[in-house]
Structures are given as C-alpha cells and as structure tokens.
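>>> Pasting a predicted model and its sequence here:
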Amino acid sequence: MFGIVMVSLSAIVYGVIPLITKTIYEFGFDAISISFFRFFLMIPILLVICIIKNKSLKIGILGLLNIFLFIALPSGLTMLLLNESYNYISIGTATTLHFLYPAFVILICIFYYHQEIERKILISLLMIMIGISCFMDRIDYKGIFGIY
C-alpha cells in the first residue's frame, strides 16, 4: 500500500513540474538556471536520506567520472532540452513528445538491431500513435505518410 501511495505522489509531482517550470519562467529564470537548481537543490535532501540510512558517500575518481558520463550528463541534458522546449511549444505538446522515447527505443531496436516485430510491440506502437493523435490540433495525413 505504501508503494502505491509513493508512486501516486510521484506521478502527481512529476505531472505538475511543467506547470511550475512555466511559472518560474515568468520570474526571469531560464532553462539553464531551472535545470541547475532542480538538480542542485536535491543534494541536501539526498544527503539527509544517506545520513538516515547510514549510507557512505565515498566514491573514487572513476566512479565520479562514470556518474557524470552515464547519469548526470544525459539526465541533465534531457531536462535542459525539455525545459527549453517550453519556450517554443506548449507544455502539453512538449511533455507528450518527450515521453515518446519508448516508441523511439522500439523503432531503434527494429531498424538498427533488426529485432522482430512481435504482436504486442506492434500494438504498443499503434496505441502510441493513436494517443499522440489525440493531442494534435489537426492531422496532416500527407505529412504522416510522406505524400506530397
């Protein structure tokens, strides 16, 4: 039960972040400062959690480099680009497009790794396309199917 509550709260907070970000823009912040403070302000919270759970914060230089290359850089860059996109398109459209990454992973697996298309994967891709079409103001079938 506790896990369900935590996931629900997480989803609510994560869903409100774009609205908060857009509001913070009105106070003169930009995508870089919002991304920086979003991650930087987590440090004291994580430090308290580590102290409570009696976890060591010792890491070597190689561990620090790996954390930067494989966690901080991709995650920070993703957040920076998403925050910047709110300046150009609506937050609903930007967030929806952002969460298309599972579809891109599936397509990369199919076209690059030549993975066979299972029925459940095909159904997933169709559901993604139907869901995205619900967010479109108008559907340009010529653009979707490459007909000009």
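Perfect, I can see it now. Residues are numbered from 1 along each chain as shown.

>>> after the strand or helix carrying residue 63 comes which helix or strand?
Taking DSSP states H and E as the definition, residue 63 sits inside helix 61-67. Sequence-wise, the next helix or strand downstream of helix 61-67 (DSSP H and E) is helix 73-85.

>>> Do a quick rundown of the helices in this protein.
For the chain, applying DSSP state H gives helices covering 2-25, 31-40, 42-52, 61-67, 73-85, 91-98, 101-111, 119-133, 141-145.

>>> between those, which has the poorest average model confidence?
Of all the helices of the chain, the minimum mean pLDDT falls on helix 141-145 (a mean of 53).

>>> hang on, the earlier thing: let's see the helix holding residue 63 as PDB, backbone CA atoms only.
Extracted in PDB, the C-alpha atoms of helix 61-67 (Å, rounded to 0.1, in the frame of the first residue of the first chain):
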ATOM      1  CA  ILE A  61      37.500   9.300  -9.300                       C
ATOM      2  CA  LEU A  62      36.500   6.700 -11.800                       C
ATOM      3  CA  GLY A  63      33.100   6.300 -10.000                       C
ATOM      4  CA  LEU A  64      32.600  10.100 -10.200                       C
ATOM      5  CA  LEU A  65      33.500  10.100 -13.900                       C
ATOM      6  CA  ASN A  66      31.000   7.300 -14.600                       C
ATOM      7  CA  ILE A  67      28.300   9.100 -12.600                       C
END
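
>>> and that helix, which residues are buried?
Buried residues in helix 61-67, defined by neighbour count with 16 or more other CB atoms under 10 Å: none. Every residue, glycine included, has its C-beta placed from N, CA and C.

>>> Quick one: distance of that helix to the chain centre.
Distance of helix 61-67 from the chain centroid (CA atoms, centre = their mean, to the nearest Å) equals 23 Å.

>>> and that helix, what does it pack onto?
The contact analysis (3 or more CB pairs under 8 Å, 6 or more residues apart in numbering; DSSP states H and E) places helix 61-67 against no helix or strand.

>>> In contact with residue 129, which residues?
Contact analysis of residue 129 by CB atoms under 8 Å, 6 or more residues apart in numbering lists nothing.

>>> From residue 117, how far out is residue 111?
Applying CB to CB, to the nearest Å, the value for residue 111 to residue 117 is 11 Å.
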